[in-house]
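Asks: for reference, the sequence and a predicted model appear below.
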Amino acid sequence: MSPWTHLICGPDFADRYPNDRQPPGVAGAALEPCCFCGTPTRSRIYVRHDPNLLPCRAQSAAHHRGDE
């Protein structure tokens, strides 16, 4: 499993992790691009994924490497 966490928007989360829950947004949170599709989001949902397989390439400040 990748040690990197990536920001994911609600629609991408629902596509990748289908269930009946809607992930919440965070009121007042700054918009940041979804690591999977680039759409600005306030979701503050983070998932583990290999940065080499995503368009973001872990280049923004919204990333965190779990083993740091």
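Replies: In hand now; what should we look at?
Asks: quick one: low-confidence parts of the chain?
Replies: 1-3, 21-25, 60-68 (pLDDT under 70).
Asks: so where do the strands sit in it?
Replies: 4-8, 32-33, 40-41, 45-48, 64-65 (DSSP state E).
Asks: and the nearest residue to Gly38 once chain neighbours are set aside, how many neighbours?
Replies: Nearest residue to Gly38 in three dimensions, chain neighbours excluded: Pro55, at 6.3 Å (CB to CB, 6 or more residues apart in numbering). Glycine gets a C-beta too; all of them are placed from N, C-alpha and C. As a burial measure, Pro55 scores 12 neighbours (other CB atoms under 10 Å).
Asks: is it true that Leu7 touches Cys35?
Replies: Yes - here Leu7 lies in contact with Cys35, judged by CB atoms under 8 Å, at a distance of 5.3 Å.
Asks: of those two, who's got more company?
Replies: A count of neighbours by other CB under 10 Å puts Cys35 above the other of Leu7 and Cys35, at 27 against 22.
Asks: re the thing from before, and the strands of the chain, which is most packed in?
Replies: strand 4-8 (a mean of 22; mean count of other CB atoms under 10 Å).
Asks: okay, now the sheet partners of that one, with direction.
Replies: Here strand 4-8 has these sheet partners by DSSP bridges: strand 45-48 (antiparallel), strand 64-65 (antiparallel).
Asks: the longest one: how far from the chain's middle?
Replies: Spelled out, it's strand 45-48. Its chain's C-alpha centre and that of strand 45-48 lie 5 Å apart, by CA atoms, centre = their mean, to the nearest Å.
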